[in-house]
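Peer 1: This is a predicted model, with the sequence first.
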There are 2 protein chains.
Amino acid sequence: MDSLKNDSLIRALLRQPTRRTPVWMMRQAGRHLPEYRALRAHAGDFMSLCSHPEWACEVTLQPLQRYDLDAAILFSDILTIPDAMGLGLYFVEGEGPKFRKPLRCAKDVESLQVLDTAKDLTYVTDAVTLIRRELNGSVPLIGFSGSPWTLATYMIEGAASRDFARTKSWLYEQPELLHQLLDILTASVINYLNAQILSGAQVIQIFDTWGGALSDAAYYEFSLDYMQKVVSSLIPVNEGREVPVILFTKGGGMWLDALAKTGCHALGLDWTVNLGDARRRVGSKVALQGNMDPAVLRAGPAAIEPEVRRILRSFGDGSGHVFNLGHGITPDVDPKHAAFFVDTVHRLSNTG
Amino acid sequence: MDSLKNDSLIRALLRQPTRRTPVWMMRQAGRHLPEYRALRAHAGDFMSLCSHPEWACEVTLQPLQRYDLDAAILFSDILTIPDAMGLGLYFVEGEGPKFRKPLRCAKDVESLQVLDTAKDLTYVTDAVTLIRRELNGSVPLIGFSGSPWTLATYMIEGAASRDFARTKSWLYEQPELLHQLLDILTASVINYLNAQILSGAQVIQIFDTWGGALSDAAYYEFSLDYMQKVVSSLIPVNEGREVPVILFTKGGGMWLDALAKTGCHALGLDWTVNLGDARRRVGSKVALQGNMDPAVLRAGPAAIEPEVRRILRSFGDGSGHVFNLGHGITPDVDPKHAAFFVDTVHRLSNTG
């Protein structure tokens, strides 16, 4: 077993005691950092950064050089899977991701192959290997994927969407076709995440960014069930250590009880959830990760400190809390504020 | 007391028995109707429709001529209040509402006056009076307002927003200034809704469209507390009949318990909430309104009928359910589907 100098993230995810609450930030590597923007300008575009392991490694490590973080998270994009499936991912500045060949009909789904990461996404596993070597046991590396449902929305819409009109037309008019797509994506996500684990990812997070767009009944059928299949098919132990799995459904506060029963180790929470309430509902089953509104980071230390204190108190004493934002850090945040946030979590949670 | 031929909406909101579940649709009057689009083209722009009582009345009644609805809702916009306060509301096709003079600093807030509906928004109360006359006791008329928080977001952002960056900067950096604005808006909403009641609105709905963007703690402080003040200041009985109040926080499923304690009569629910769960949490205090995903209406009868059945079953037997969508009907819905939806709610809930 590889030694890990700071294992507080993994301990907290397994609800074991830690000296202080571990903290990382969704999108900690990225646009809010000037050194990221410089490398991005040099690389030319976002996907070049993702697809060159040396650059992906450099970007992954950038926030760790500034902040006292308890984890690194692979720099990549949730849409690498559909891109590898041939949908042609590209980015338009200010408009988010788009696909040249979105799915439009049954034939498009039938032509899809389950992802073979070892063939199609070696740039990701190579990046994981490289990052682990560079981290040299300092903090654990988090690997990730989009949830099958969230990937399906992008593949069907072809772009970001407000109301997911096309995807929901499939859902309500051709549910078998959507299930067929979700089956392919589920097998692909399992393949992808297990390849990340075997390359060295020590924690896995599944981003169900758009699960919250579904009705209660549809959420169980079209998102949760597939995430459960993913969770139950992941390699549970690697390098002699358990590989904790975090599920994060943005807007999923209503469904925490069901999420906690999937076999995952922790739930990511957005800022609408009260941590104390969530813990009363599911705290004996899983750890909780979250949940400060990223908007607080814009406001600076005078706002950050009371909000960190409030969230720590709402979780209360005992193990099983990983501090994080409730969604990704926004590009306009001053890195000094992010540094203050990380240090404040550590200072206020330090039990000696 | 004015006789009301169909009082099932009011009875259900007061948790009294009804022969069948009453139904209406948020945004039932509007863009999905060809006769609306024709009148809008004739009128020139959206605000002209709102500000001419005859047109507002005609648009309000249009869906009642097509569908067997159990309520009419005043055709207007939640931004009439800030417009009357001098912010200069205008609409850009495809971009939603904007303000010429959004709030930028303390001085902008200090210059605001509490709305005097009788002086500043007579076109709304005139429309209410006219609609009541035209309805002639067939179904009740719902009046409405945006919540103070939701109005504040538009006034500070100056337009629709994804992350409410400016508003949240006020919230976390100048909370006193935001409270000052919310006080003015709360007094204005109370004035506005009581004027609607006195002109003939028989039910009130408060749209807290953006409450779900707030953190748990901020929601209580910046949205819920102000809605509670509004609820407690509304005229409780008019024309010898109770005036039920519906609170609708989109994305507010986490906060139903607190919402139910405000003194309101009913909670509007978006489609992420399970009606049965909601009823177990708050059903003895308030009625529940909702909550079909409007996307189901795009899909047609084969999808609508099972979804209506599922939602009726999830509420279960007994009084206190008003069927509705979980958000506004979308402009691309075929009116035939909407008609089928309304009839299906009535047919499947008919207890003889």
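Peer 2: Happy to help now that I have it.
Peer 1: A:K229 - how many residues pack around it?
Peer 2: 17 (other CB atoms under 10 Å in any protein chain shown). C-beta: built from backbone N, CA, C; applies to glycine.
Peer 1: And the pLDDT for it?
Peer 2: Here the pLDDT value assigned to A:K229 is 98.
Peer 1: so where does it fall, helix or strand?
Peer 2: Under the criterion of DSSP states H and E, A:K229 resides in helix A:225-232.
Peer 1: how far does that helix sit from the chain's center?
Peer 2: Averaging C-alpha positions (CA atoms, centre = their mean, to the nearest Å) puts helix A:225-232 15 Å from its chain's average.
Peer 1: just stretch A:105-125 next, same as before
Peer 2: With CA atoms, centre = their mean, you get 20 Å for stretch A:105-125.
Peer 1: in it, what counts as buried?
Peer 2: Buried residues in stretch A:105-125, defined by neighbour count with 16 or more other CB atoms under 10 Å in any protein chain shown: A:D108, A:V109, A:L112, A:L115, A:T117, A:D120, A:L121, A:Y123, A:V124, A:T125.
Peer 1: List the contacts of that stretch.
Peer 2: A:50-53, A:56, A:74, A:76, A:80-81, A:84-86, A:101, A:103, A:174, A:177, A:180-181, A:184, A:187-188, A:191-192, A:195-196, A:198-199 (CB atoms under 8 Å, 6 or more residues apart in numbering or on different chains).
Peer 1: Same check on stretch A:334-344?
Peer 2: A:23, A:25, A:28, A:32-34, A:63, A:66-69, A:292, A:296-301, A:304-305, A:308, A:329.
Peer 1: give me that answer again for 10 Å
Peer 2: If you take CB atoms under 10 Å, 6 or more residues apart in numbering or on different chains as the criterion, stretch A:334-344 is touched by A:23-25, A:28, A:32-35, A:63, A:66-70, A:292, A:294, A:296-301, A:303-309, A:312, A:323, A:325, A:329, A:333, A:347.
Peer 1: What remains of the residues you listed if I keep only buried residues?
Peer 2: A:23-25, A:28, A:32-33, A:63, A:67, A:69-70, A:292, A:294, A:296-300, A:303-305, A:307-308, A:312, A:323, A:325, A:329, A:333.
Peer 1: restrict those to contacts with chain B.
Peer 2: When contact is defined as CB under 10 Å from any CB of the partner chain, the buried ones among the contacts of stretch A:334-344 meet chain B at A:M292, A:P294, A:V296, A:L297, A:R298, A:A299, A:G300, A:A303, A:I304, A:E307.
Peer 1: taking those residues one by one, which sit in strands?
Peer 2: A:M292 (DSSP state E).
Peer 1: Turn the ones next to chain B among the buried ones among the contacts of stretch A:334-344 into TSV, including pLDDT.
Peer 2: Formatted as TSV, these follow (pLDDT from 0 to 100):
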residue	pLDDT
A:M292	98
A:P294	97
A:V296	98
A:L297	98
A:R298	96
A:A299	95
A:G300	94
A:A303	97
A:I304	98
A:E307	98
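Peer 1: So which of the buried residues of stretch A:105-125 is the closest to chain B?
Peer 2: A:V109 (18.3 Å; CB to the nearest CB).
Peer 1: Show me the strands in the stretch 151-300 of chain A, by range?
Peer 2: A:203-208, A:237-238, A:241-242, A:245-249, A:266-268, A:287-292 (DSSP state E, counting those that start in this stretch).
Peer 1: Neighbouring strands of the fourth one in the sheet, and parallel or not?
Peer 2: Strand A:245-249 has these partner strands in its sheet, going by DSSP bridges: strand A:203-208 (parallel), strand A:266-268 (parallel).
Peer 1: now that strand and helix A:225-232, what's the angle there?
Peer 2: Here strand A:245-249 points in a direction 170 degrees away from that of helix A:225-232 (axes from the mean of the first three to the mean of the last three CA atoms, to 10 degrees).
Peer 1: Give me the angle between strand A:245-249 and strand A:287-292.
Peer 2: Using the same axes, to 10 degrees: strand A:245-249 against strand A:287-292 is 40 degrees.
Peer 1: residues from the stretch 51-200 of chain A in reach of chain B?
Peer 2: Counting by CB under 10 Å from any CB, the stretch 51-200 of chain A sits next to chain B at A:162-175.
Peer 1: next helix or strand past the helix or strand where A:V124 lies?
Peer 2: If you go by DSSP H and E, A:V124 is part of helix A:122-135. Once helix A:122-135 ends, the next helix or strand along the chain (criterion: DSSP H and E) is strand A:141-146.
Peer 1: Could I get the average pLDDT for that following strand?
Peer 2: Strand A:141-146 shows a mean pLDDT of 98.
Peer 1: State the number of residues packed around A:G94.
Peer 2: 5.
Peer 1: And A:K336, by the same measure?
Peer 2: That count, for A:K336 with other CB under 10 Å as the rule, works out to 11.
Peer 1: Now do the same for it: its pLDDT.
Peer 2: We have a pLDDT of 98 for A:K336.
Peer 1: where's it relative to chain B, distance?
Peer 2: As judged by CB to the nearest CB, to the nearest Å, A:K336 and chain B stand 15 Å apart.
Peer 1: any idea whether that residue is helix, strand or coil?
Peer 2: Following DSSP: H, G, I helix; E, B strand; the rest coil, A:K336 is assigned to helix.
Peer 1: can you give me the helices for the stretch 151-300 of chain A?
Peer 2: Along the stretch 151-300 of chain A, the stretches classed as helices by DSSP state H, counting those that start in this stretch are A:165-173, A:175-199, A:216-219, A:225-232, A:256-260, A:275-282, A:295-299.
Peer 1: could these go into JSON lines alongside distance to B:I156?
Peer 2: Listed next are the helices of the stretch 151-300 of chain A as JSON lines, based on distance: least, CB to CB, whole Å:
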{"stretch": "helix A:165-173", "distance to B:I156": "30"}
{"stretch": "helix A:175-199", "distance to B:I156": "39"}
{"stretch": "helix A:216-219", "distance to B:I156": "32"}
{"stretch": "helix A:225-232", "distance to B:I156": "37"}
{"stretch": "helix A:256-260", "distance to B:I156": "32"}
{"stretch": "helix A:275-282", "distance to B:I156": "28"}
{"stretch": "helix A:295-299", "distance to B:I156": "13"}
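Peer 1: for the record, mean pLDDT for stretch A:183-199?
Peer 2: pLDDT averaged over stretch A:183-199 gives 98.
Peer 1: just how off-centre is it within its chain?
Peer 2: 14 Å.
Peer 1: Next: stretch A:221-233.
Peer 2: Worked out by CA atoms, centre = their mean, stretch A:221-233 lies 16 Å from the chain centre.
Peer 1: Quick check: buried residues in it?
Peer 2: Quick answer for stretch A:221-233 (16+ other CB under 10 Å): A:E221, A:F222, A:S223, A:L224, A:D225, A:Y226, A:M227, A:Q228, A:K229, A:V230, A:V231.
Peer 1: Same list (those residues) but as a markdown table, adding distance to chain B.
Peer 2: Shown next, in a markdown table, are the buried residues of stretch A:221-233 (distance: CB to the nearest CB, whole Å):
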| residue | distance to chain B |
| --- | --- |
| A:E221 | 11 |
| A:F222 | 12 |
| A:S223 | 12 |
| A:L224 | 13 |
| A:D225 | 16 |
| A:Y226 | 18 |
| A:M227 | 16 |
| A:Q228 | 18 |
| A:K229 | 22 |
| A:V230 | 22 |
| A:V231 | 22 |
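Peer 1: Adjacent strands (with direction) for the worst-scoring helix or strand of chain A on mean pLDDT?
Peer 2: Lowest mean confidence among the helices and strands of chain A (mean pLDDT, DSSP states H and E): strand A:89-92, at a mean of 91. The strands beside strand A:89-92 in its sheet (DSSP bridges) come out as strand A:96-99 (antiparallel).
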